[in-house]
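Participant: Sequence plus predicted model, see below.
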Amino acid sequence: MHNLKQKTVKSEINFNGVGLHSGKNVNLKIKPAKPNEGIVFIRTDLIDNNVVIPGIFNVSSASFCTTISNDFGTSVSTIEHLMGALFILGVDNAIIEVDNKEVPILDGSAKIFIEKILKIGFEVSTQPIRIIKINHKIEFKDGSKFISIEPTNINFEIDFKLEYSNPVIGNQQNNINVYEDDLANIYNSRTFCLYEDIENLKKLGLAKGGSLDNAVVVKQNEVLNKEGLRNNKEFVNHKILDCIGDVYLAGYKIIGKIKCIHGGHKLTNQLLRDVFKDKKNYSIIEIEEKNLPSSFINRSRLKSIA
């Protein structure tokens, strides 16, 4: 039987890198946290009002990345890949210390976060994990963009479709079961952009730290990165990674199915705001062996939950 108790990291883990949009060098530490503490960000470059909690209603911007802020205007941006890594590895509680306003982009995926966390390992508590169960179907549309979440029996599924006129990206679709599938191709997949969009991003004061070391750049019908793509669905798989990270702002794992067409941070956050504004839409349940469905107990590969 898998351990269904809350987990944190066994000891401090250090990362250093550049912020994708700020271009600033940043140090990040993941530290152990107590049961029921959740994920907490602390801006160590600030003395006062420096605690920022990742939450659905704390998202202050979802343009090009996910930014969370506290009531004092202190923010941390580009949190989605780290949050995705913590969700995938089943880390319920952690203190994230960061000495700048943006999480380092590293290689543009969650691969380095996952590998270093796995190397250190986990501390398992005696407290049962909590999971959000979706009770009703909710959907949100914005022009051609669409996202929905609906109840499932015991899984967390994401069905994501990308539609690009660019011939390299094109129409990509993937459907994954987050708690059962091998997610290597999801967390290895890097952020991407079209070459022709770079100038516009720079004009907006974004992508100052972007390079071929941390993003896939597509120009017309070729990938500019010498090593090419990491997998044949890297574009849509990265969008799924973003989605997992953004969903973890709910505070707990989720049981439900998400369908998304050409969505992103903003669409996911809007959907979750719609879900959590009415308590009838969801239940928060404690997962203990005695209240688990038999189908759940017999699963051999509950990677995220356990």
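Facilitator: Good, I have the coordinates.

Participant: helices or strands up against the lengthiest helix in the chain?
Facilitator: Ranked by residue count and defined by DSSP state H, the top helix of the chain is helix 234-247. The criterion is 3 or more Cβ pairs under 8 Å, 6 or more residues apart in numbering; DSSP states H and E, and the helices and strands that helix 234-247 contacts are helix 80-89, strand 156-163, strand 171-177, helix 184-187, strand 192-194, strand 253-261, helix 265-276. All C-beta atoms are positioned from the backbone trio N, CA, C, and that covers glycine.

Participant: Compare the ones you listed and give me the one nearest Val216.
Facilitator: Set against Val216 and scored by Cβ to Cβ, the helices and strands packed on helix 234-247 come closest in strand 192-194, at 3.9 Å.

Participant: Can you say which of the helices and strands packed on helix 234-247 is nearest to Pro54?
Facilitator: Nearest to Pro54, of all these, is helix 80-89, at 6.4 Å by Cβ to Cβ.

Participant: Give the closest residue to Val51 in space, chain neighbours not counted.
Facilitator: What sits nearest to Val51 in space, not counting adjacent residues and going by Cβ to Cβ, 6 or more residues apart in numbering, is Ile42, at 5.6 Å.

Participant: how close does that neighbour sit to Val76?
Facilitator: As for Ile42, its distance to Val76 is 9 Å (criterion: Cβ to Cβ, to the nearest Å).

Participant: so what sits against both of those two?
Facilitator: Counting by Cβ atoms under 8 Å, 6 or more residues apart in numbering, the common neighbours of Ile42 and Val76 are Val52, Val98.

Participant: Look at these two and report which has more neighbours.
Facilitator: Neighbours were tallied for Ile42 and for Val76 using other Cβ atoms under 10 Å; the higher tally belongs to Val76 (26 against 18).

Participant: is it true that the more buried one lies in a strand?
Facilitator: Yes - applying DSSP: H, G, I helix; E, B strand; the rest coil, one finds Val76 inside a strand.

Participant: The nearest residue to Val52 once chain neighbours are set aside in helix, strand or coil?
Facilitator: With Cβ to Cβ, 6+ apart as the measure, Phe41 is the residue that lies nearest to Val52, at 4.4 Å, once sequence neighbours are left out. Here Phe41 is recorded as strand under three-state DSSP.

Participant: Could you list everything Phe41 pairs with in the sheet?
Facilitator: Val52, Ile96 (DSSP bridges).

Participant: what residues are up against it?
Facilitator: Under the criterion of Cβ under 8 Å, 6+ apart, the contact partners of Phe41 comprise Val51, Val52, Ile53, Pro54, Ile68, Val76, Ile79, Ile96, Glu97, Val98.

Participant: Would you map out the domains in this protein?
Facilitator: Domain ranges of the chain: 5-127, 131-297, per automatic domain parsing.

Participant: ok, now how distant is Pro128 from Ile95?
Facilitator: Taken as Cβ to Cβ, the spacing of Pro128 relative to Ile95 amounts to 21 Å.

Participant: Could you do Ile198 as well?
Facilitator: Ile198 is 35 Å from Ile95, where distance means Cβ to Cβ.

Participant: Show the contacting residues for the residue lying closest to Lys31 once chain neighbours are set aside.
Facilitator: Excluding the flanking residues, the one nearest Lys31 by Cβ to Cβ, 6+ apart is Ile95, at 4.3 Å. Remark: with contacts taken as Cβ under 8 Å, 6+ apart, Ile95 is in contact with Ile30, Lys31, Pro32, Ala33, Glu37, Val40, Ile42.

Participant: now, which of the residues you listed lie within helices?
Facilitator: When the contacts of Ile95 are checked against helices (DSSP H), there are no matches.

Participant: most neighbours per residue, which of the helices and strands packed on helix 234-247?
Facilitator: With neighbours defined by mean count of other Cβ atoms under 10 Å, none of the helices and strands packed on helix 234-247 is more surrounded on average than helix 80-89, at a mean of 26.

Participant: The residue nearest to Val51 contacts Ala94, doesn't it?
Facilitator: No - with the criterion set as Cβ atoms under 8 Å, Ile42 and Ala94 do not qualify as a contacting pair; they are 11.0 Å apart.

Participant: hang on, the earlier thing: any idea which of the helices and strands packed on helix 234-247 gets closest to Lys133?
Facilitator: Across the helices and strands packed on helix 234-247, closest to Lys133 is strand 253-261 (Cβ to Cβ), at 4.6 Å.

Participant: who does that closest one touch, helix- and strand-wise?
Facilitator: With contacts taken as 3+ Cβ pairs under 8 Å, 6+ apart, strand 253-261 sits against strand 122-134, strand 145-150, strand 156-163, helix 234-247, helix 265-276.

Participant: and the residue lying closest to Asn155 once chain neighbours are set aside, how far is that from Gly256?
Facilitator: The spatial neighbour of Asn155 that comes closest, neighbours along the chain excluded (Cβ to Cβ, 6+ apart), is Asn177 at 5.3 Å. Distance of Asn177 to Gly256, computed by Cβ to Cβ: 12 Å.
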